[in-house]
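Peer 1: Let me see the structure of the following:
(chains A and B)
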Amino acid sequence: MLPTYCPSCQAQLKVKCLKCESCGTEVNGSYDLPVLALLSEDDQQFILRFVKNSGSLKDMASQMKLSYPTVRNLLNDIINKISSYETSIDTDLRQS
Amino acid sequence: MKNKTIFEQLINPFTRVAGWQAFGFGLIFVILMGFLGAYNGIAFDGLIDMHMMDLSLLQSFLYLGIDLTSLVLVMWITGLIVSKNFRFIDILGTMTLAKAPFLLLAIAGFFTTAPDLSGIYKDPYVLFQSISFITLIVLSFPVMIWSITLMYNALKVSCDVKGSKLTVAFIIAMLLSEVLSKVLIYLFV
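Peer 2: Below you'll find the predicted structure:
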C-alpha cells in the first residue's frame, strides 16, 4: 500500500521522484497524489468492487453479505472523503 | 469477539438485513405478537406500550397496525427531512423488524396472571400479589430499551444520518410517533 501520510507529522505526502525502470530516467518535482490514492486500502477495494459490479450496489450487498443501505452508506462516506480531499487540494492550489 | 459480534447483530441487525427481507421477518414477528397478544391478553397499545387487558384478535391487530403505521409514517417523514437519499422500503422493513423484541412480552403472557386491580387505589400493594405480573413488568424495561435501540439503528442505517442530528431527529420522531399512535388508537379502537 502506497504511504500517503507522513509517519512523523501526519501531513499529506507528495510525490517527489518518479523513475523509469527501462532507461533509469528520474523525474523530480512535487506532485500531488491522485485523490483515489489518498483513500484507505478498504475504500480503494470498495471502489474496485463497485466498478467490477458495474455500479450495482445490490450485487455488492449480496457479495459482501451486507444490507443495501449499509453498502450505500459506505459509498456515501467515500464520496464525502473524496469531496473533502478535493476541497483541500483546491484550497492548497489557491494558496500556492 | 464472537459474543461481541452476536451482541452487535442483536442491537443492529440492519447492517445485514434491510428492505423487503427485514419487512418479511418483521411481519412474521408482528403477526405472532398479534395472535399471542390476543390469546394472552396483552395489548401493545402504543409505540412502546404494553398493557394487560381482555382484547379481541381484531383489537390486537388494530393496535399493532396503528403502532407500526405511526412509527413508519413519522420515521419516513423524518427521513425526508434529514436525509437526501433513502428508500421507503428500508424504513418500512427495519422499523417493522425493530418491533420484534416485544414478541418476548407476548410470549411471557403465557406465564403471567394479572392481579385484581379493582382495589388498587385503596391498596397499591395489590400489584405485588402476582409475582408473574411483576416479572413481566421488570422484563418489559429491557425489551423496551432493546426495541428503542433497534429503532435508533434502523433510522441510522436506513437514512445514513449520524451524530447529534440523528439523536435529535430520533427523539423528536419517537415522541411524535407515540403521540400519533395514541391519538389513532383513541379514534379508531
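Peer 1: for residue 29, helix, strand, or coil?
Peer 2: No chain was given, so I picked chain A. strand (DSSP: H, G, I helix; E, B strand; the rest coil).
Peer 1: Which residue is the nearest non-sequential neighbour of the residue nearest to the spatial centre of chain B?
Peer 2: Closest to where the C-alpha atoms of chain B average out (CA atoms, centre = their mean) is B:Lys99, at 3.9 Å. Nearest residue to B:Lys99, sequence neighbours excluded (CB to CB, 6 or more residues apart in numbering or on different chains): B:Val30, at 5.9 Å. (Glycine included, C-beta is placed from N, CA and C.)
Peer 1: what sits against that neighbour?
Peer 2: If a contact means CB atoms under 8 Å, 6 or more residues apart in numbering or on different chains, then B:Val30 has B:Leu64, B:Leu68, B:Thr96, B:Lys99 as its contacts.
Peer 1: can I get those in CSV with pLDDT?
Peer 2: Listed next are these as CSV, based on pLDDT from 0 to 100:
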residue, pLDDT
B:Leu64, 96
B:Leu68, 96
B:Thr96, 97
B:Lys99, 96
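Peer 1: From those, which land in helices?
Peer 2: Using DSSP state H, the subset of those located in helices is B:Leu64, B:Leu68, B:Thr96.
Peer 1: What is the neighbour count of the closest residue to chain B within chain A?
Peer 2: Of all residues in chain A, A:Ser67 sits closest to chain B, at 3.7 Å by CB to the nearest CB. Using other CB atoms under 10 Å in any protein chain shown, A:Ser67 has 24 neighbouring residues.
Peer 1: B:Trp20 is in contact with that one, correct?
Peer 2: No - when contacts are counted by CB atoms under 8 Å, A:Ser67 is not listed as touching B:Trp20 (10.9 Å).
Peer 1: contacting residues for the residue of chain A closest to chain B?
Peer 2: A:Ser67 neighbours (CB under 8 Å, 6+ apart): A:Ala61, B:Phe14, B:Thr15, B:Arg16, B:Val17, B:Ala18, B:Gly19, B:Gln21, B:Ala22, B:Asp90, B:Val157.
Peer 1: top helix in chain B by residue count?
Peer 2: helix B:131-159.
Peer 1: what secondary structure does the most far-flung residue of chain B relative to its centre sit in?
Peer 2: In chain B, the residue that sits farthest from the middle, by CA atoms, centre = their mean, is B:Lys122; the gap is 32.6 Å. Secondary structure for B:Lys122, judged by three-state DSSP, is coil.
Peer 1: And it, how far from B:Phe128?
Peer 2: 14 Å (CB to CB, to the nearest Å).
Peer 1: Give me the neighbour count for residue 79.
Peer 2: The chain I'm using is chain A. 10.
Peer 1: not quite, I wanted chain B
Peer 2: B:Gly79: 23 neighbours (other CB under 10 Å).
Peer 1: my read: it touches B:Cys159, true?
Peer 2: Yes - at 4.4 Å, B:Gly79 and B:Cys159 qualify as touching, with contact defined as CB under 8 Å.
Peer 1: Pull up the overlap in contacts between the two.
Peer 2: B:Phe86, B:Ile91.
Peer 1: Report the separation between A:Gln10 and A:Pro3.
Peer 2: Counting by CB to CB, the gap from A:Gln10 to A:Pro3 is 11 Å.
Peer 1: ok, for the residue of chain A closest to chain B, nearest residue in space, not its chain neighbours?
Peer 2: Using CB to CB, 6+ apart, the closest residue to A:Ser67 is B:Ala18 (3.7 Å).
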